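below: sequence and its predicted model.
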Amino acid sequence: MTKAELEHKLDEALQSFSAEINFLDDYSKVPASEGQLKDSMKQVFYALDSFKDAILSYID
């Protein structure tokens, strides 16, 4: 994997994360529920896991 491919993989992970937590944009109108906050924490984990995978692939 090249540095450009790594950057692309990390960008994909960020875009996926952004799309999955889009519900927080409405927070100013209605507070986020406990379930929504738990879902956002799962998405943080998934994004970090995607970063880890991409970085480890780059190192190999």
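All right, it came through fine.

which helix runs longest in the chain?
Longest helix in the chain by number of residues, with DSSP state H as the criterion: helix 34-59.

and it, how far out from the chain middle?
A distance of 5 Å separates the C-alpha centroid of helix 34-59 from that of its chain, computed with Cα atoms, centre = their mean, to the nearest Å.

what are the buried residues along it?
Of the residues in helix 34-59, those with enough neighbours to count as buried (16 or more other Cβ atoms under 10 Å) are 36, 39-40, 43, 47, 50-51, 54. Every residue, glycine included, has its C-beta placed from N, CA and C.

return the list of helices and strands in contact with it.
In this structure, helix 34-59 makes packing contacts with helix 3-20, judged by 3 or more Cβ pairs under 8 Å, 6 or more residues apart in numbering; DSSP states H and E.

now the helix it packs on: buried residues?
Residues of helix 3-20 classed as buried by neighbour count (16+ other Cβ under 10 Å): 6, 9-10, 13, 17.

can you put the residues you listed in CSV and add distance to residue 58?
As requested, these are arranged in CSV below (distance: Cβ to Cβ, whole Å):
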residue, distance to residue 58
6, 4
9, 8
10, 9
13, 13
17, 19
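
okay, the residues you listed in CSV with distance to residue 31 and pLDDT next?
As requested, these are arranged in CSV below (distance: Cβ to Cβ, whole Å; pLDDT from 0 to 100):
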residue, distance to residue 31, pLDDT
6, 37, 88
9, 34, 87
10, 31, 88
13, 27, 87
17, 21, 83
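
which residue sits farthest out from the middle of this structure?
When each C-alpha in the chain is compared with the mean C-alpha position (Cα atoms, centre = their mean), residue 29 comes out farthest, at 23.5 Å.

tell me the secondary structure for that one?
For residue 29, the secondary structure call by DSSP: H, G, I helix; E, B strand; the rest coil comes out as coil.

need the contact list for it.
Residue 29 makes no contacts at all, as judged by Cβ atoms under 8 Å, 6 or more residues apart in numbering.

low-scoring pLDDT stretches of this structure, where are they?
Low-confidence segments of the chain (pLDDT under 70): 23-24, 26-28.
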